[in-house]
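no sequence on hand, only this structure:
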């Protein structure tokens, strides 16, 4: 394979990859420790179901900023230098990590501080996700976009593997260490972003008002059935199959593995996703991409249900690895369809809508899982969600035949 077929041959993409890796490492490390500390603090005065409700609320606290700011963040990503937006968000995340490090160091941590930081992290992600997601097509030629997305996903999944494990291990040693590590990683991410080549904001119709420009992203997604089907499939499948939100409960009260085991559990789906991403970065899908994406969502749901029923750590880890690999295949196809099917001048706004759906499927999915676990128990909530994800894959194959009929990335325009 020649260098001309590899996105890593491009200096700008290498810097972008470092940015994504370090920011993901920091974010996932912070999130896993925040979730653990919320649940642990809640369990000092609450039962399992009441503490599970707190996990649901912390997911909601991270989702609401994304929901409220979607139109603005997408518009800014198409109007301003996307690098500067990412740097501003990194600075806010740095401040959050420093606050949590000091709160742990000075023994002043509380649920109020954790929830306040979760909201600020949600604001940072609301602005950074559409801007960061739109950068990759700006630094590689169009034919390399699917490979660049797969390679970018490697950075995301490597960060998702090492971040939770790093957070769990460092927290087990000294509670403030994962936050200090997050500060260091975010500094590296900031510097790498500064080294990216200038990204000129795409031209938008100047006659249109800012409000009209903002809603154009929603209009584009609504009218493009392929993009709408791909985005909404992820929303409903992951919204229902949110097993990762229940991992603190499984680690502490079901599998009895403690903080170290929580790190293993959080890393397992990311390991499967990374292996899948590595494979697709070198062997991209060449045919029947839609059918394979739908099948991956079905496998994701089945693996979620198996994890929910498991009482064996090896089986639980294996289920999470399969879950992560299937999710990565779905993400790889979905993101490629969205990026290739969206003109550059719309990528920020469409990316914001996609980020809202991703955030809804993750943070809102965590809230849904926490609330459902509080009502029926964590095991029933996880199993029901996995079965629901399987039905979503079947239903979406019927509702969006263009997804089922999508064959090759080259035919997407």
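Structure's in. What do you need? Remember, predicted model here, so these are calculated numbers, not experimental data. Residues are numbered from 1 along each chain as shown.

now the helix or strand hosting residue 114: how far from the chain's centre is it?
Residue 114 belongs to helix 111-139 when assigned by DSSP states H and E. Going by C-alpha atoms, centre = their mean, to the nearest Å, the spacing between the C-alpha centre of helix 111-139 and its chain's C-alpha centre is 10 Å.

in it, what counts as buried?
Of all the residues in helix 111-139, those buried under the rule 16 or more other C-beta atoms under 10 Å are 113-115, 117-139. Every residue, glycine included, has its C-beta placed from N, CA and C.

which elements pack onto the helix or strand that that helix is followed by?
As assigned by DSSP H and E, the chain's next helix or strand after helix 111-139 is helix 145-173. On a contact count with 3 or more C-beta pairs under 8 Å, 6 or more residues apart in numbering; DSSP states H and E, helix 145-173 meets helix 11-43, helix 111-139, helix 177-194, helix 258-282, helix 313-340.

what is the burial count for the closest residue to residue 323 other than its chain neighbours?
Excluding its sequence neighbours, the residue lying closest to residue 323 (C-beta to C-beta, 6 or more residues apart in numbering) is residue 303, at 4.0 Å. Residues within reach of residue 303, counting by other C-beta atoms under 10 Å, total 26.

repeat that for residue 377.
Neighbour count of residue 377, defined by other C-beta under 10 Å: 14.

my read: it touches residue 49, true?
Yes. In terms of C-beta atoms under 8 Å, residue 377 counts as a neighbour of residue 49; the distance is 7.3 Å.

rewinding a little: can you pull the contacts of the residue nearest to residue 323?
When contacts are counted by C-beta atoms under 8 Å, 6 or more residues apart in numbering, residue 303 is found next to 319, 320, 322, 323, 326, 386.

helix 313-340 and the helix or strand it falls within, what's the angle between them?
Using DSSP H and E, residue 303 sits within helix 289-309. Using axes from the mean of the first three to the mean of the last three C-alpha atoms, to 10 degrees, the inter-axis angle of helix 289-309 relative to helix 313-340 is 150 degrees.

for burial, what's the neighbour tally of residue 223?
Neighbour count of residue 223, defined by other C-beta under 10 Å: 9.

tell me the pLDDT at it?
Predicted confidence (pLDDT) for residue 223: 76.

list phi and psi for it.
As for residue 223, its main-chain torsions (degrees, to the nearest 10) stand at phi -90, psi -20.

and it, how far from residue 145?
As judged by C-beta to C-beta, to the nearest Å, residue 223 and residue 145 stand 22 Å apart.
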